[in-house]
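Colleague: Build me a model:
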Amino acid sequence: MKNLFIYLLAFVSCLSVVYAQKKNVVYQELPVYGKLFDTPSKYHRVDTAKYKDLPARVKYLYTNSAGLFVTFRSNSSSIHAKWCVTDTKVSFNLTSIAQKGLDVYIKNVDGKWQYAGSKGTVITCDESILTDNLDQTEKEFLIYLPLYDETKSLEIGIEEGATFQPLSNPFQKNIAVYGSSIVQGASAGRPGMAYTAILSRRTGLNFINLGVSGSAKMEQEVAHMLAAGTPDVFILDCVPNSSPEIVSERTQYFVAYLRANHPNTPIIMIPSVVRELSYFNQVWNKRNTEQNVQFKKEYEALVAKGIKHLYYLDSNTLLGTDHEGTTDGTHPNDLGFMRMADQIQPFVLEIMHKHNLL
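Modeller: Now for the predicted structure:
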């Protein structure tokens, strides 16, 4: 009986501590950035009701919060979060952090965004400390949302009495990146390691993640949706999902439609990464090679037809040359994404300078 009383006392004490901790954290919602369009659903990348003719799978994937983020300033010594996602299972080639979690960066003394912590989840609604034991100087925070799930809600918590100021988008211009699961972020270890996010932090430019896993097939309806935006640059990194036949049938309409609606906006075409599978798997070798050969042919045909301000990043080493840049033979790991960013960044910046966009 005495032992039971001690256990109950300890249990009540633990509950009191937890209650006190929660009581001393103040939660707030924040504006969400990283979108090409305003959306009625805060955590969706595209208004799928407005663009109702998009393929069903594409509409679903644009409810995923890939590339979206919040930003604020605070002197809190710990940063907390309460967030809800869906009940989908974690994929075999993703971490729970990348698919359903949150990823924190802090601007360091050199003015660079530096990784500070992350949390994954395998439940629909979670509450967690994202980073703690910070000194109490004011800092700028950047928190990326899940790459491969629909964020239903998000509240950021700080200690009661700490300063808290929502910030405007730290990234300038708008670079719309349409592409496959690779653009969406598979298989980064965490949301901040998708190549669009890496490029934004490196350059201070807003690389907008419009990746749709397995579904970047250059449908006309997608071209119409993209053309309704007003980005400073279009990047088309959609070849991995498009068969050689689809590349042949759809590329010219897709690019020509964007050009007709945006006469002076640079359009950058990026070939598929060379899948590591393709070095030994001859079926993938043939498909990968034919996809990229056809994409370049379409680029050359478009230029011959007089399409201006069109650029092609001609590279077969986007993942490097040591064959260690993927998680599963197709999707980049963090190393692969860093290498992609290394090649894409100077190419994009040179074009933007050429067009007086920087």
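Colleague: So the residue nearest the centre of the chain: helix, strand or coil?
Modeller: By C-alpha atoms, centre = their mean, the chain has its centre lying nearest to residue 67, at 3.0 Å. Following DSSP: H, G, I helix; E, B strand; the rest coil, the label given to residue 67 is coil.
Colleague: Run through the residues that contact it.
Modeller: 34, 45, 144, 147, 185, 194, 196-197, 207-211 (C-beta atoms under 8 Å, 6 or more residues apart in numbering). Every residue, glycine included, has its C-beta placed from N, CA and C.
Colleague: how far away is it from residue 224?
Modeller: 21 Å (C-beta to C-beta, to the nearest Å).
Colleague: before we move on, what about residue 303?
Modeller: Note on residue 303: its distance to residue 224, by C-beta to C-beta, is 23 Å.
Colleague: the more surrounded of these two?
Modeller: Higher neighbour count among residue 303 and residue 224: residue 224, with 16 against 13, using other C-beta atoms under 10 Å.
Colleague: Surely that one is in contact with residue 258?
Modeller: No - if you go by C-beta atoms under 8 Å, residue 224 and residue 258 don't touch, sitting 9.8 Å apart.
Colleague: so what's in contact with these two at the same time?
Modeller: With C-beta under 8 Å, 6+ apart as the test, residue 224 and residue 258 reach no residue in common.
Colleague: now the helices for the stretch 1-150 of the chain?
Modeller: Secondary structure of the stretch 1-150 of the chain by DSSP state H, counting those that start in this stretch: the helices cover 2-23, 56-61, 96-100.
Colleague: Please state the backbone phi and psi of residue 191?
Modeller: For residue 191, the backbone dihedrals (degrees, to the nearest 10) come out as phi -60, psi -30.
Colleague: Who are the contact partners of the nearest residue to it once chain neighbours are set aside?
Modeller: Using C-beta to C-beta, 6 or more residues apart in numbering and skipping the chain neighbours, the partner closest in space to residue 191 is residue 144 (3.7 Å). Shown in contact with residue 144 (C-beta under 8 Å, 6+ apart): 67, 68, 69, 102, 103, 105, 190, 191, 192, 197.
Colleague: repeat for residue 275
Modeller: Per C-beta under 8 Å, 6+ apart, neighbours of residue 275: 240, 284, 288, 326, 329, 330.
Colleague: ok, now which ones touch the second one?
Modeller: The one in question is residue 284. Remark: with contacts taken as C-beta under 8 Å, 6+ apart, residue 284 is in contact with 275, 277, 278.
Colleague: would you turn these into CSV with secondary structure?
Modeller: Output for the contacts of residue 284, formatted as CSV (three-state DSSP):
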residue, secondary structure
275, coil
277, helix
278, helix
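Colleague: Can you list the low-confidence ranges for the chain?
Modeller: Within the chain, the ranges that satisfy pLDDT under 70 run 1-23.
Colleague: can you give me the strands for it?
Modeller: Using DSSP state E, the strands of the chain run over residues 25-28, 69-74, 79-84, 102-107, 113-119, 125-131, 139-144, 153-159, 164-166, 172-179, 205-211, 233-237, 267-269, 310-312.
Colleague: The fourth one pairs with which strands, and in what direction?
Modeller: Sheet pairing for strand 102-107, assigned by DSSP bridges, gives strand 113-119 (antiparallel), strand 139-144 (antiparallel).
Colleague: can you redo those as TSV with distance to residue 80?
Modeller: Output for the strands paired with strand 102-107, formatted as TSV (distance: least, C-beta to C-beta, whole Å):
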stretch	distance to residue 80
strand 113-119	10
strand 139-144	11
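Colleague: Figure out which of these is closest to residue 357.
Modeller: Closest approach to residue 357 among the strands paired with strand 102-107 (C-beta to C-beta): strand 113-119, 21.8 Å.
Colleague: May I see the buried residues of the closest one?
Modeller: 113, 116, 117, 118, 119 (16 or more other C-beta atoms under 10 Å).
Colleague: Taking the residues you listed, tell me the two that lie furthest apart.
Modeller: The span of the buried residues of strand 113-119, defined through C-beta to C-beta, is set by 113 and 119 at 18.0 Å.
Colleague: ok, back up a step: just name the most buried of the strands of the chain.
Modeller: Counting by mean count of other C-beta atoms under 10 Å, strand 205-211 has the highest mean neighbour count of these, with a mean of 28.
Colleague: residues in contact with residue 84?
Modeller: 124, 125, 126, 151, 152, 153, 154.
Colleague: How about the second one, nearest residue that isn't a chain neighbour?
Modeller: This points to residue 125. residue 84 (4.2 Å).
Colleague: Roughly how far does the one you found sit from residue 140?
Modeller: For residue 84, the distance to residue 140 (C-beta to C-beta) stands at 26 Å.
Colleague: Could you do residue 246 as well?
Modeller: From residue 246 to residue 140 the distance is 43 Å (C-beta to C-beta).
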